[in-house]
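J.: Predicted model and sequence follow; I will ask about them next.
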Amino acid sequence: MKSTTKREQKRVAGLEHFAIDKALTEFSARYPALKLPPVVALICAFEEEDNIGDVLKAVPAEACGLPVAPLVIVDGGRDHTARVSLDAGAVTCAFPTNLGHGVALQVGYRLAIDGGARYIVTLDADGQNDPTELAVMLEPLVDDTADFVVASRRLGIDETSDRMRRAGVVVFAWIMNRLTGSRLSDTSNGYRALTAPLLADVVDRLEQRQYQTAELLITAISRGWRVTERPTVWRPRASGTSKKGSNLFFGFRYANVVVQTAIRERRDKPAQRAASS
């Protein structure tokens, strides 16, 4: 039984690598010798053709005095998200099949780093994050007072009406703070600003195929990077339905990721200290 499971895992991993390699080959052909500006607005999208166009239009050309460019990773799907992104002039990498939000983010991180970006801001393709607040997110990084900025709907404005999801935000922040010693109010927000050195340090440690927000945050805190938060607006989806699943399913998966990552980072801390000494 175990050997069958291992073979299945290798098969899935092989197919994932094949899909990523195909996407990157097409990306390199479309953008030979790509040089990105200092700030990259990284957007991962799965079947968001009705929303991503307006999101891209709202991404500012400049923030904190630095040029900004959107980088879109299209995580498969059957609609025309990739075409909308390309028509909007965004640098676009399209997977041939759906691999998961976490995988799309990892590919986007590496492309941004390899392209020479100094700061990477991640935001949703569904309109829940306001791209015009990008400068608010970016400012602590540019001022060198933080390496990682998390958006907070609790410190800002939450325009959604899902009381269970709001309660979940409070509960998960409490759990995360207990595990990491941080004092954050919103640890499940995908609107984040990060420095390229931080991402270069943590990207190879990221394992989650879907719910990567908690993993990235715990890993960064555990490795000593400076984390802060800024108030932002949290909007309802512009259209369509969430790809995260029901509140119960999302909550269970999110909690599982938090526990797994916390155990992993605590286990590896002695090795991290030895490597840095």
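T.: Right, received. Where do you want to start?
J.: From here on, just use CA atoms for contacts and neighbour counts.
T.: Will do.
J.: so where's the stretch 101-250 of the chain shaky on pLDDT?
T.: By pLDDT under 70, the weakly predicted segments of the stretch 101-250 of the chain are 242-247, 249-250.
J.: Over to residue 201: give its phi and psi.
T.: Note on residue 201: backbone dihedrals following degrees, to the nearest 10 are phi -80, psi -40.
J.: and the gap between residue 214 and residue 172?
T.: The gap separating residue 214 from residue 172 is 9 Å, by Cα to Cα, to the nearest Å.
J.: Could you do residue 154 as well?
T.: Relative to residue 172, residue 154 is positioned 13 Å away (criterion: Cα to Cα).
J.: Between the two, which contacts overlap?
T.: Between them, residue 154 and residue 172 share these contacting residues under Cα atoms under 8 Å, 6 or more residues apart in numbering: residue 186.
J.: where exactly do the helices run in the stretch 1-150 of the chain?
T.: Listed in chain order, the helices found in the stretch 1-150 of the chain under DSSP state H, counting those that start in this stretch are 2-30, 52-58, 81-87, 101-114, 134-142.
J.: Centre of the chain to stretch 51-59, how far?
T.: In terms of Cα atoms, centre = their mean, to the nearest Å, the centre of stretch 51-59 is found 17 Å from the chain centre.
J.: Give me the buried positions along that stretch.
T.: 51-56, 59 (16 or more other Cα atoms under 10 Å).
J.: Among the residues you listed, find me the one that's closest to residue 138.
T.: residue 59 (13.1 Å; Cα to Cα).
J.: mind checking pLDDT for the closest one?
T.: Per-residue confidence at residue 59 stands at 98 (pLDDT).
J.: about what we covered before: which one's more surrounded, residue 214 and residue 172?
T.: Between residue 214 and residue 172, counted using other Cα atoms under 10 Å, the more crowded position is residue 214 (25 against 20).
J.: three-state assignment of that one?
T.: At residue 214 the chain is in helix, as set by DSSP: H, G, I helix; E, B strand; the rest coil.
J.: quick one: it and residue 189 touch, right?
T.: No - with contact defined as Cα atoms under 8 Å, residue 214 does not count as touching residue 189 (9.0 Å).
J.: Spit out the contact partners of residue 265.
T.: With contacts defined as Cα under 8 Å, 6+ apart, residue 265 is in contact with 218-219, 222.
J.: ok, so of these, who is nearest residue 161?
T.: Closest approach between those and residue 161, by Cα to Cα: residue 218, at 27.9 Å.
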